[in-house]
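In: A predicted structure for the sequence below; I have some questions about it.
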Amino acid sequence: MPFTETGIPDLLIYEPRVFNDSRGYFFESYSEQVFKQQGLNLPFVQDNQARSTYGVLRGLHYQQEPYAQTKLIRVLEGKIIDVAVDIRKGSPTYGKVFTIELTAENKLQLLVPKGFAHGYSVLSETAEVMYKVDNFYHKASEGGIIYNDPALNIDWGINLADAIVSEKDVVLPTLENCTHNFVYNPNK
């Protein structure tokens with residue numbers, strides 16, 4: 001199967017099958033049929049794309065219910081450390097951090113379900129990141145966690161003293177002080 005479990009319920013790595021030959025490569029970056037075979041019925045409604053330079057750190061972000069988003073993240077150019085934090089109350093892995101290196105070369109993707117804070121840092125000179133979402137952006141439902149929360153101790157793969165972080169991200173609360181309405185449901 002093209003899906004690998006991460007040790008955190010519902011957080012999956014997707015590795016599409018890549019066909020290489022003398023001309024280059026071809027792969028299906030997303031197939032509704034493949035995802036449905038995994039039991040994932042995700043009505044993706046929008047694709048987002050961001051270009052950043054080395055040292056940019058975006059996150060940790062989420063949207064509260066009922067505007068929460070499942071995200072399928074991949075890198076079109078360059079290399080990032082992608083980070084997901086389980087913030088579902090009652091989850092056996094609440095507060096657990098998962099990191100993965102996503103690159104244009106490895107073509108791995110991270111499926112980040114609702115109930116997770118998400119962010120990434122850029123490790124290459126530039127990186128172009130694309131992600132699908134299953135709900136539209138809703139500003140009033142925005143939430144986040146400060147990227148350098150000592151309780152999370154995230155290794156972003158860059159020197160945090162030199163990180164390029166937005167004004168809104170540097171004032172986010174810690175996990176302990178953030179507001180969200182996510183509850184873990186083991187029966188879904």
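Out: On my side now, so go ahead.
In: would you agree residue 34 falls within a strand?
Out: No - per DSSP: H, G, I helix; E, B strand; the rest coil, residue 34 lies outside any strand segment and is helix.
In: wait, it touches residue 27, no?
Out: No - using CB atoms under 8 Å, residue 34 is not in contact with residue 27, being 11.2 Å away. Backbone N, C-alpha and C define where each C-beta goes, glycine included.
In: for these two, indicate the residue with more neighbours.
Out: Counted by other CB atoms under 10 Å, residue 34 and residue 27 do not tie: residue 34 has more neighbours, with 16 against 13.
In: and the gap between that one and residue 43?
Out: Distance, residue 34 to residue 43, using CB to CB, to the nearest Å: 15 Å.
In: can you give me the helices for this structure?
Out: Listed in chain order, the helices of the chain (DSSP state H) span 32-37.
In: so where do the strands sit in it?
Out: With DSSP state E as the criterion, the chain has strands at 3-5, 12-14, 18-21, 24-27, 46-53, 57-63, 71-77, 79-86, 97-103, 109-112, 116-122, 126-133, 142-144.
In: okay, now the sheet partners of the last one, with direction.
Out: Taking DSSP bridges as the criterion, strand 142-144 forms sheet pairs with strand 57-63 (antiparallel).
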